[in-house]
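> this is a predicted model, with the sequence first.
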Amino acid sequence: MRDESVQTDLTVVGGGLAGVCAAIAAARLGRTVALITNRPVLGGNSSSEVRVWVCGATAHGKQRYARETGIMGELYVENQYRNPDGNPYYWDLVVHEAVRNEPLISLFLNTDVHEVDATGPPERRTVTAVTGWMSGSERRIRFESAAFADCTGDGLIGHLAGAEYRIGREARSEYGEPWAPETADDITLGSTLLFYTKDAGHPVKFVAPSFAIDVTTAKIPERRIIRSGDNGCAYWWIEWGGELDTVHENERIRDELWAVIYGIWDYIKNSGKFDADTMALEWVGAVPGKREYRRFVGDYTLTQHDILEQTPFEDRVAFGGWSIDLHPPQGVYATEAGSKHWHPNGTYHIPLRSLYSANVENLWFAGRDISASHVAFGTTRVMATCAVVGQAAGSAAAYALDRGVTPRELARRHTHELQQVMLREDAAVLGVRNDDPADLARAAHVTASGTLTQLCVEPDSPGGRGWPLESDIGVLVPVDPELSQVGVLVEAAAATGMEVEVFETGREQNYIPHASVARTSVRVQPGPAQWIWADVPWRPATPRNAFVVIRANPSLTVFTSGVAVPGVRSYRHRPAPADAEFAQPLVDWPKVKDWQTFCVGVRPDTAAFLPAKAVGGYSRPWAGPQMWASQVQRDGEESWLRLDWPDPVVIDQVELVFDDDVDEYMINLHHWRTPFDVMPTLVRNYRIEVDAGGDGVWHPVVQVGDNRWRRRVHRWPAPVPARALRIVAESTNGAPRAHVISLRAYGPADISN
């Protein structure tokens, strides 16, 4: 045995996506980090050991403009390029390389931390060190840091440090949550094992082990869907252990889940009810994917009300959008459905005060052990949300160390500064505007070669693709500054009226019909496809989105197009069942699939894509698209976005955020395949040029080809004087226009703004 000691600024325990993003975030902000995990690979439940797909705020595509940015967004986009078929081993590589690319991170795999040194009274403790055993290497390693982050999921580090925590379900009376039980208990969500199958191309027999359950006796087929060709993640409902201690009974839970899996496979192979003669098991998990255990007590406990009401916390540092997703305690043996869901109307915010211990002064949390009630945990627990919380916790830890303050002091006095740091890193924070005084772009006059101003979706083929108006349809459009008319390409079988109603969407991050603001009916004469314009005037106090509803009419056919127009999205109405427990507008208005958009237009011209939007301070949609979009680029044409300053400035760094379409649903494994290896909306080839004297002579300082990333930071060796700077988009990755979400410019640290 060898004893070692490691000293870093921050120790992150837990190598799931929360820990990975926390470590990367802190390292990018200049802090040395020890990242420790007891597994041989990174990624936690998303890794090749467990193979759960990474769910998040998109809610499997239900939420709009909700895909995570920041580090989690980088992982999504990189995986889409490298691993479009969702190979779990390639995903391991994407995550592992992201960590290896950060020189300030020291990675310790196969290292199980089970000792924590902490001092102070119970109400005010401080962690000084944690100690882990590296299996296979006989190394006992002591990790000393000024700050620690428990990203273990199970919360072992916080527990050993004496941090206050909860296990189980709170009583309904504690927070007034409708989905909480009447009486508190120690029930949690259970654990899951997954399995993969393949077609061997020849008959394959299966002899069930003696411990496999008889699923017909257990009556699982009566309550769960079993199919021979499903992918492994379709069996998320193979869950058990919610009535047990999911940590201390982990081995028992694994054995029961194995018995279920082999019983299900025996049923598929040998019952004669499935076409599975040539099917074989390819992989069966051995590490249960845990859902819930300890939840720590922070200065704020997130509740069901915060999720559904989308509480706009002043100290917001992350967001989520997954439904409140709770499962029956009996898991696979439950008589009710495997899960129940309550979707918020849009994404919700997560406050900084939920990410640190209320009684351990230097302990941060990220992942499924943050400060949330059991019901709220039902949505925050999914991995992409854990990841963005990880980036928030890692950024906060680094910033607190820079300022020499505790987590509580940071939350009370420095939240805005932290948010600004995170925005510059493109973190997943909603509705906070960049007001960085060092950003020279904010003081510049912004112009462009051309701008998208006319919103009209034209058919992509002669006559377009017909869509009988059998149910209501909806179209989302930006309103900036006003809306006067909506046009629809329709075909009428008989003289009839077309009813159009415009709704505002509620909160700035919502994209559902919320409150009616205008409605009208327009006569349509019979005949072939024609544009019909409806007067629906609306001038909101500030730019907003409008949800335009065209009511069902069996005499009308509308048309769709595969030509995408920024800011315009299409939906169809699918009424909820009459016995629905509560309204869920998000579910009632699913997106139109296959990347189709209804052929609509709006008047007057829009200001939603003006050049100034690129320096307007928002780095993702918020009450509108919040980006510059050029006019259509023809072959060989270039588009540019330009900054002009009244007085000379000195620049040595430009930071760009391009549009990777956060409305596009991505996944790390094979549940869903986005057809683009690189998002078409990303600028592919571009250059940065500087006009030093204001005389129109442009000098290139950066040339980039084959770009496939959203955020690019360009720093050149020596500062250059500038009266003007421009980004020249030579081509995109397939979109007809160049899109720029954010453009920042910085000078040397000692240059005054």
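In hand now; what should we look at? Numbers count the residues shown, from 1 in each chain.
> C-alpha from now on. contacts and neighbour counts both.
Will do.
> list the buried residues for stretch 412-424?
Along stretch 412-424, these residues count as buried under the neighbour rule (16 or more other Cα atoms under 10 Å): 414, 415, 416, 418, 419, 420, 421, 422, 423, 424.
> can you give me the helices in this structure?
With DSSP state H as the criterion, the chain has helices at 17-28, 70-82, 88-100, 156-161, 172-175, 215-218, 250-270, 304-309, 374-380, 383-403, 407-413, 415-424, 585-588.
> quick one: contacts of the last one?
Same thing as helix 585-588. 62, 63, 343, 344, 345, 346, 512, 513, 573, 574, 575, 576 (Cα atoms under 8 Å, 6 or more residues apart in numbering).
> just the buried ones from the residues you listed?
62, 63, 343, 344, 345, 346, 512, 513, 573.
> pull the contacting residues for the first one.
Spelled out, that is residue 62. Residue 62 neighbours (Cα under 8 Å, 6+ apart): 586, 587, 590, 591.
> try the last one
Applying Cα under 8 Å, 6+ apart to residue 573 gives the contacts 471, 472, 473, 474, 588, 589, 590.
> reformat these as JSON lines; add pLDDT, distance to residue 723 and neighbour count.
What follows is these, written out as JSON lines (pLDDT from 0 to 100; distance: Cα to Cα, whole Å; neighbours: other Cα atoms under 10 Å):
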{"residue": "471", "pLDDT": "97", "distance to residue 723": "56", "neighbour count": "14"}
{"residue": "472", "pLDDT": "98", "distance to residue 723": "53", "neighbour count": "18"}
{"residue": "473", "pLDDT": "98", "distance to residue 723": "49", "neighbour count": "23"}
{"residue": "474", "pLDDT": "98", "distance to residue 723": "46", "neighbour count": "26"}
{"residue": "588", "pLDDT": "96", "distance to residue 723": "52", "neighbour count": "17"}
{"residue": "589", "pLDDT": "97", "distance to residue 723": "49", "neighbour count": "22"}
{"residue": "590", "pLDDT": "96", "distance to residue 723": "48", "neighbour count": "19"}
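> in strands only, show me those.
Among the contacts of residue 573, the ones falling in strands (DSSP state E) are 473, 474.
> reformat the contacts of residue 573 as JSON lines; add distance to residue 462.
Listed next are the contacts of residue 573 as JSON lines, based on distance: Cα to Cα, whole Å:
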{"residue": "471", "distance to residue 462": "24"}
{"residue": "472", "distance to residue 462": "25"}
{"residue": "473", "distance to residue 462": "22"}
{"residue": "474", "distance to residue 462": "23"}
{"residue": "588", "distance to residue 462": "31"}
{"residue": "589", "distance to residue 462": "28"}
{"residue": "590", "distance to residue 462": "27"}
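> show me the shaky parts of this structure.
221-223, 463, 750-753 (pLDDT under 70).
> how is it divided into domains?
Domains of the chain are assigned by automatic domain parsing as 2-170+292-424, 191-284, 440-450+609-746, 465-603.
> endpoints of the first one, how far apart?
Domain 2-170+292-424 has an end-to-end distance of 42 Å (Cα to Cα, to the nearest Å).
> and if you look at the last one?
Length of domain 465-603, first residue to last, Cα to Cα: 23 Å.
> and residue 711, how many residues sit next to it?
21 (other Cα atoms under 10 Å).
> now do it against residue 658, distance only.
6 Å.
> cool, and residue 332?
Residue 332 is 44 Å from residue 658, by Cα to Cα.
> residues contacting residue 226?
264, 268.
> separation between it and residue 266?
12 Å.
> what ranges does the stretch 401-550 of the chain have for its strands?
Ranges of strands within the stretch 401-550 of the chain are 445-448, 465-468, 473-479, 483-492, 496-504, 515-524, 527-538, 544-550, based on DSSP state E, counting those that start in this stretch.
> what's the angle from the longest one to strand 483-492?
Same thing as strand 527-538. Strand 527-538 and strand 483-492 are oriented at 160 degrees to each other (axes from the mean of the first three to the mean of the last three Cα atoms, to 10 degrees).
> so what does strand 527-538 touch, helix or strand wise?
strand 483-492, strand 496-504, strand 515-524 (3 or more Cα pairs under 8 Å, 6 or more residues apart in numbering; DSSP states H and E).
> so what strands line up beside the second one?
Each strand paired with strand 496-504, and its direction, by DSSP bridges: strand 515-524 (antiparallel), strand 544-550 (antiparallel).
> which non-adjacent residue is nearest residue 488?
Nearest residue to residue 488, sequence neighbours excluded (Cα to Cα, 6 or more residues apart in numbering): residue 600, at 4.6 Å.
> surely that neighbour touches residue 459?
No. Using Cα atoms under 8 Å as the test, residue 600 is too far from residue 459 to be in contact (9.5 Å).
> picking that back up, mind putting the helices of the chain into TSV with distance to residue 743?
Shown next, in TSV, are the helices of the chain (distance: least, Cα to Cα, whole Å):
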stretch	distance to residue 743
helix 17-28	20
helix 70-82	16
helix 88-100	24
helix 156-161	40
helix 172-175	43
helix 215-218	58
helix 250-270	49
helix 304-309	32
helix 374-380	31
helix 383-403	22
helix 407-413	28
helix 415-424	11
helix 585-588	32
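> out of those, the one nearest residue 288 is which?
Smallest distance to residue 288 across the helices of the chain (Cα to Cα): 6.0 Å, for helix 250-270.
> what's that closest one in contact with?
Against helix 250-270 from outside (Cα under 8 Å, 6+ apart): 191-195, 205-209, 211-215, 226-228, 238-241, 246, 274, 276-277, 279, 286-288.
> could I get the phi/psi values of residue 696?
phi 80, psi 10 (degrees, to the nearest 10).
> give me the number of residues near it?
11.
> return the residues in contact with residue 276.
228, 268, 269.
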